[in-house]
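*Asks:* Let me see the structure of the following:
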Amino acid sequence: MADPELAALAFRAAPLAMMALGDRRILAANAAAARLFGWPEAELTGRSVRLLYPSAGDFRATGERWLSVLRSRPDHVDERFMQARDGEVFWTRVRGRTLTPENPFERSVWTFERLETGGAGGGPSTLTAREREIAAHVVNGRTSKEIARALAISHRTVEVHRAAILRKLDARNAAELVTRIVVAG
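*Replies:* Down below sits the predicted model:
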């Protein structure tokens, strides 16, 4: 097997979700990325990565943050909410590397790893692991009772965590909380 064939096979079969991007458009996505985001590989190719973000504001803000970082160094890692084709919003660790440091978004490679409980040290940085776990459910529109059932805890415990999240993110209600979680992530 020639080296280019081996490289292509490694990309396609890698167990970690991977994408090659050009100017924030998907040039190639492997099978793991297609599964993670719920899209057929062919439907991802050529599309803007905007379709993987919960909001246009999050897409813009994340792009600005990453552009700033990638101008000073070729690699960056963060944790944030991403969105699957079916609308599910989930916590993800994203690693990226620019191949064109003079124009960081011109060519880059990315990996995506779903984090079931919000990971460690992810954002919003002031939230505990349990609060990030509950925040992921809140973003997906679940009630306190639904979250309690999913996590096998009391709905009152969920309410205590939701109140702490509201306070920490300075949100007045659930709608504002969702907005702040997505933007802060």
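*Asks:* Which helix runs longest in the chain?
*Replies:* Longest helix in the chain, counting residues (DSSP state H): helix 56-72.
*Asks:* what about it, average pLDDT?
*Replies:* Helix 56-72 carries an average pLDDT of 89.
*Asks:* buried stuff in it?
*Replies:* The neighbour-count check on helix 56-72 (16 or more other CB atoms under 10 Å) flags 58-59, 61-62, 66, 69-70 as buried. Using the backbone N, CA and C atoms, a C-beta is placed for each residue, glycine as well.
*Asks:* Give me the distance from that helix to the chain's centre.
*Replies:* Relative to the mean C-alpha coordinate of its chain, helix 56-72 is positioned 13 Å out (CA atoms, centre = their mean, to the nearest Å).
*Asks:* Does it pack against any helices or strands, and if so which?
*Replies:* strand 75-83, strand 89-98, helix 174-184 (3 or more CB pairs under 8 Å, 6 or more residues apart in numbering; DSSP states H and E).
*Asks:* Report the angle between the worst-scoring helix or strand of the chain on mean pLDDT and strand 75-83.
*Replies:* Using mean pLDDT, DSSP states H and E, helix 174-184 stands out as the lowest-scoring helix or strand of the chain, at a mean of 74. Counting by axes from the mean of the first three to the mean of the last three CA atoms, to 10 degrees, helix 174-184 lies at 150 degrees to strand 75-83.
*Asks:* what angle sits between helix 174-184 and helix 56-72?
*Replies:* Interaxial angle, helix 174-184 versus helix 56-72 (the same axes, to 10 degrees): 20 degrees.
*Asks:* Show me which parts of stretch 36-46 are buried, residue by residue.
*Replies:* Neighbour counts over stretch 36-46 (16+ other CB under 10 Å) mark 36-37, 39, 44 as buried.
*Asks:* any chance of those residues in CSV, plus pLDDT and distance to E79?
*Replies:* Compiled in CSV, the buried residues of stretch 36-46 are given as follows (pLDDT from 0 to 100; distance: CB to CB, whole Å):
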residue, pLDDT, distance to E79
L36, 98, 15
F37, 98, 16
W39, 97, 21
L44, 97, 22
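*Asks:* can you state the direction angle for the longest helix of the chain and strand 89-98?
*Replies:* 30 degrees.
*Asks:* what about whichever strand or helix holds V138, distance to the chain center?
*Replies:* Per DSSP states H and E, V138 falls inside helix 129-139. Helix 129-139 sits 14 Å away from the centroid of its parent chain (CA atoms, centre = their mean).
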